[in-house]
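Q: output the structure for:
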Amino acid sequence: MSERLNKCPLCKSGHFLNDREIIDLAVSKETFVLCKCSQCQLLFTNPRPNQDEIAPYYEFPEYYSHQDSNSTLTEKIYNQVRNINIQKKIKLIESLIPKGSILDFGCGTGTLLAALKTKGWSINGIELNKKARKKASEITQEKIVKTLDDLELNSKVDIITLFHVLEHVHELRKTIKNLKKSLNKNGYLLFAVPNHQSYEAKKYQGYWAGWDVPRHLYHFSQESMEKLADEFNFTILQVKPMIFDSYYVSLLSEKYKNPNGNIIANYAKALKTGWKSNQKAKATNEFSSLLYILKKK
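A: Alright, predicted model coming up:
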């Protein structure tokens, strides 16, 4: 059953208008409306499936973060890129704090946490998907919980990461408030989210895979993320690009745009678009996905 929001899920303003309609090209082929808040500029899916009804929308092959399949070319590429990204994430995390405690919200199959544990980090993970959570528990040898409410921390953590997770969370304000309570005074909160101001978002328009409705409940820009930081008394220290995302998102977008197209041609177009998106973003910082590093004020 769907739920219709009468207030912005970020700033609680009642002033918002329908902005555009996007089709769920991955699963249901249903059309969803995106509303735009007049106050904080957040785009949000409205109406949207409620928490109890959204699970079937995640049942599709391209939702790789919940699995470790390595059978198709796209899966092989995804897994290779994921391994590179894990090393980049570790390097970033250790540049903030050399060693400490971390909570990975939406940890998938636990690969990042497992790697950090070998480096002496105290790890905590949250993963809603049952299969992924079981896998994460196995490879980390730690209890991975289903929700934030299930988490039992002995003390506050130094770093909290949400890599492409914030846009999926139904209770946005409650989640951020609870994360803030779990974070050390001098800790860091990391959000990686798609950026609908990127070049490929504008190129592909309704075919842009970054919309990913209704799984993506919110669609952030740098402006709306600044509003989020202010709303919850955080400061954005850095905004960093997620370089590989432009290629992956462009590949999915090409598949949606040309479902019967030649695979090699789609790959070639995606590589060209991803490269062009990253080149243009060097001047604007409007990369396909952006990683925000926040700290308490």
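
Q: tell me which element Ser13 is part of?
A: Counting by DSSP states H and E, no helix or strand carries Ser13.

Q: burial of it, as a residue count?
A: Other residues near Ser13 come to 13 when the count uses other CB atoms under 10 Å. Placement of C-beta: from N, CA and C, glycine included.

Q: just checking, it touches Asn6?
A: No. Applying CB atoms under 8 Å as the test, Ser13 and Asn6 come out as separate, 10.5 Å apart.

Q: need the overlap of contacts for these two.
A: Common neighbours of Ser13 and Asn6, counting by CB atoms under 8 Å, 6 or more residues apart in numbering, are absent.

Q: now the nearest residue to Ile176 once chain neighbours are set aside: how far from Met225?
A: Distances taken as CB to CB, 6 or more residues apart in numbering put Phe232 closest to Ile176, at 5.2 Å, once the chain neighbours are dropped. Shown here: Phe232 relative to Met225, a distance of 11 Å by CB to CB, to the nearest Å.

Q: higher neighbour count, those two?
A: Legend: neighbour count by other CB under 10 Å for Phe232 and Met225, higher for Met225 (24 against 17).

Q: what sits against the more buried one?
A: Counting by CB under 8 Å, 6+ apart, Met225 touches Phe191, Val193, Ile236, Leu290, Tyr292.

Q: for my notes, confirm it occurs in a helix.
A: Yes. Secondary structure of Met225 (DSSP: H, G, I helix; E, B strand; the rest coil): part of a helix.

Q: those helices in the protein, which residues are they?
A: 73-96, 111-118, 130-140, 172-182, 199-204, 222-231, 245-257, 263-284 (DSSP state H).

Q: highest mean neighbour count out of these?
A: Across those, averaging neighbours per residue (mean count of other CB atoms under 10 Å) puts helix 245-257 on top, at a mean of 24.

Q: which strands or helices does it pack on?
A: In terms of contacts (3 or more CB pairs under 8 Å, 6 or more residues apart in numbering; DSSP states H and E), helix 245-257 is packed against helix 73-96, helix 199-204, helix 263-284, strand 289-296.

Q: the longest one to helix 263-284, inter-axis angle?
A: This means helix 73-96. 20 degrees (axes from the mean of the first three to the mean of the last three CA atoms, to 10 degrees).

Q: name the helices or strands packed onto helix 73-96?
A: helix 111-118, strand 157-163, helix 245-257.

Q: hmm, who's touching stretch 275-284?
A: Ser198, Tyr199, Glu200, Lys203, Pro241, Ile243, Ser246, Tyr247, Ser250, Glu286, Phe287, Ser288.
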